[in-house]
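Participant: Have a look; sequence and predicted model below, questions after that.
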Amino acid sequence: MFSYYEGDSGDFIRRDETEYIDSDYSQLLCEIVEAEIAPNARLIGSINYQWVRVNNANAIMVTYRRTGNNFDYSIPVSCRMLLFQDNNRFVKMILSDRENEANLWAEDFEQVIRSFEWKN
């Protein structure tokens, strides 16, 4: 899933920048994750995050596990959320799969991530 947001110049950091993730920033990332989890699912374990470089941009990669939404709730779902920023633009990319099917999607997901590139 991709979401694109546009703001005013300077609303977001530039694509080549990073920021220190302090406790307030960490709390914001947790709130973003919680907003993505459907009411009939729940978070499993902790939320992890790190800065990564994808082509011409830095992004925060947030990883977490949750219960399933519509199928067998006992099968955990692995999720990766990448948050890309570029001055007045913001992209949220979410990739998730049931853990018992991870081998089916791993290469495709890596290709999706590597395909992201900001266009001027």
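Facilitator: Yes, it's here. Predicted model only: the values in this text are computed from it and were never measured. Numbering: from 1, shown residues only.

Participant: Please count neighbours and contacts with C-alpha atoms only from this point.
Facilitator: Fine.

Participant: Partner strands of the strand or helix carrying Ser3, with direction?
Facilitator: Using DSSP states H and E, Ser3 maps to strand 2-6. Neighbouring strands of strand 2-6 in its sheet, by DSSP bridges, are strand 89-98 (antiparallel).

Participant: what does whichever helix or strand comes after the partner strand contact?
Facilitator: Where DSSP H and E defines the elements, the next helix or strand beyond strand 89-98 is helix 102-115. Contacts of helix 102-115 with the rest of the structure, by CA atoms under 8 Å, 6 or more residues apart in numbering, involve Val54, Asn55, Leu95, Asp97.

Participant: Tell me, how many residues neighbour the second one?
Facilitator: In terms of burial, Asn55 registers 12 neighbours under the definition other CA atoms under 10 Å.

Participant: buried sites along stretch 8-16?
Facilitator: Neighbour-count burial for stretch 8-16, counted by 16 or more other CA atoms under 10 Å, picks out Phe12, Ile13, Arg14, Arg15.

Participant: For that stretch, C-alpha coordinates in CSV please.
Facilitator: The C-alpha trace of stretch 8-16 is given here as CSV (Å, rounded to 0.1, in the frame of the first residue of the first chain):
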residue,chain,number,x,y,z
ASP,A,8,4.1,23.2,1.9
SER,A,9,7.8,23.7,1.2
GLY,A,10,9.8,22.7,4.3
ASP,A,11,7.1,20.6,5.9
PHE,A,12,9.3,17.6,5.7
ILE,A,13,13.0,17.0,5.7
ARG,A,14,14.8,16.7,2.3
ARG,A,15,15.3,13.2,0.8
ASP,A,16,19.1,13.3,1.6
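
Participant: Quick one: the contacts of helix 102-115 as CSV, columns for pLDDT too.
Facilitator: Compiled in CSV, the contacts of helix 102-115 are given as follows (pLDDT from 0 to 100):
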residue, pLDDT
Val54, 96
Asn55, 93
Leu95, 94
Asp97, 91
